[in-house]
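Asks: Whatever this is, show me its structure:
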Amino acid sequence: MQPTGKRLALILNIDTATSIGSVCLAKDGEVLHTIRNAEQKDHAAKLPLFVQEILQTAGITAASLDAIAVSAGPGSYTGLRVSAATAKGLCYAWKKPLIAVSTLKMMANGLITAMGNTNSLYCPMIDARRMEVFTAVYDAQLTPLLAPQPLVLDASSYNTWLSTHEIYFFGDGTPKWQPLMEGQPNAKFPQYEISVAHMATLADKSFINNDFEDLAYFAPHYLKAFFHPGSK
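Replies: You can find the predicted model right below:
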């Protein structure tokens, strides 16, 4: 379904790609309300309640929404299925368009906004078990220099960029990477916590560009096969 009218877009944003799940309501890319859940095992149960709560807090009904946005992955297989199923179900029931935003791009957008450093590169990392992470490398304009992918880490993994740029590494995959970077002056590890609020401006841009998903065919971007229950 295509959006109509010229009023500011009111978008419900959903993310359960990692252990921290969150829902936010944003208007014209500006966050109005956010609800956060740090219990990964509860995402499926809590997400519908959070959606209801955030609409009630804002004093609006589903009819007022212009679109629903979801973090498309990569991340936890189960978490991505939960958010995708919820977002698709709400879009179908409420007749709203679906927007999908890369989880790694969402993370990079959040840290770029916080740091404001246009000369550095940004490397989000999501834990993918053992020495593997889901990762990408972006410049300050969110241009991907390394496309989103699963990567088994070794000390030389980012040498191409570390030799010439300062890189911010962040996300729940960094604890396995930081020890390998001891003494590397261009490797920075800022404080960061994932939040769906970091998706708001990206979702708004997609809305303006009519960049919507097909509800029948949309699936999360897992980037690698699912192995067994409990895997990420």
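Asks: distance of the most centrally placed residue in the chain from Gln184?
Replies: Closest to where the C-alpha atoms of the chain average out (CA atoms, centre = their mean) is Thr103, at 2.7 Å. Thr103 sits at a distance of 26 Å from Gln184 (criterion: CB to CB, to the nearest Å). Yep, even glycine has a C-beta here, placed from its N, CA and C like the rest.
Asks: do the same with Gly73
Replies: 29 Å.
Asks: Of those two, which one has the most company?
Replies: Between Gly73 and Gln184, counting by other CB atoms under 10 Å, Gly73 is the more crowded of the two (26 against 14).
Asks: all strands of this protein, in order?
Replies: Here the chain has its strands, by DSSP state E, at 10-15, 21-27, 30-37, 67-71, 98-101, 121-127, 132-138, 144-152, 167-170, 187-188.
Asks: Report the beta-bridge partners for Val152.
Replies: In this structure, Val152 has the following beta-bridge partners (DSSP bridges): Glu132.
Asks: Got the domain ranges for this structure?
Replies: What automatic domain parsing lists as the domains of the chain is 10-103+194-208, 116-188.
Asks: and those domains, which is most packed in?
Replies: Looking across the domains of the chain with neighbours counted as mean count of other CB atoms under 10 Å, the highest average goes to domain 10-103+194-208: a mean of 20.
Asks: For it, the averaged confidence score.
Replies: Averaging pLDDT along domain 10-103+194-208 gives 94.
Asks: So what's the gap between it and the chain middle?
Replies: 10 Å (CA atoms, centre = their mean, to the nearest Å).
Asks: Likewise for stretch 100-115?
Replies: For stretch 100-115, the distance to the chain centre is 7 Å (CA atoms, centre = their mean).
Asks: Need the residues that contact it.
Replies: Stretch 100-115 is contacted from outside by 15, 17-18, 69-75, 122, 124, 126, 134-136, 138, 140, 142, 144, 148, 168, 170-171, 190, 192, 194-199, 201-203, 206, 213, 218, 221, using CB atoms under 8 Å, 6 or more residues apart in numbering.
Asks: at 7 Å instead, please
Replies: Stretch 100-115 is contacted by residues 17, 69-75, 122, 124, 126, 134, 136, 138, 140, 142, 148, 168, 170-171, 190, 192, 194-195, 198-199, 201-203, 213, 218, 221 when judged by CB atoms under 7 Å, 6 or more residues apart in numbering.
Asks: Please apply the same query to stretch 81-93.
Replies: The contact list for stretch 81-93 (CB under 7 Å, 6+ apart) reads 14-17, 43-44, 47-48, 51, 68, 70-71, 97-98, 215, 218-220.
Asks: Then stretch 21-30?
Replies: Stretch 21-30 is contacted from outside by 8-15, 31-37, 43, 47, 50-51, 54, 58, 79, 195-197, 200-201, 204, using CB under 7 Å, 6+ apart.
Asks: go on, stretch 122-131?
Replies: With contact meaning CB under 7 Å, 6+ apart, stretch 122-131 is reached by 18, 74-75, 103-104, 107-108, 111-112, 133-138, 150, 152-153, 158, 167-174, 176-177, 231-232.
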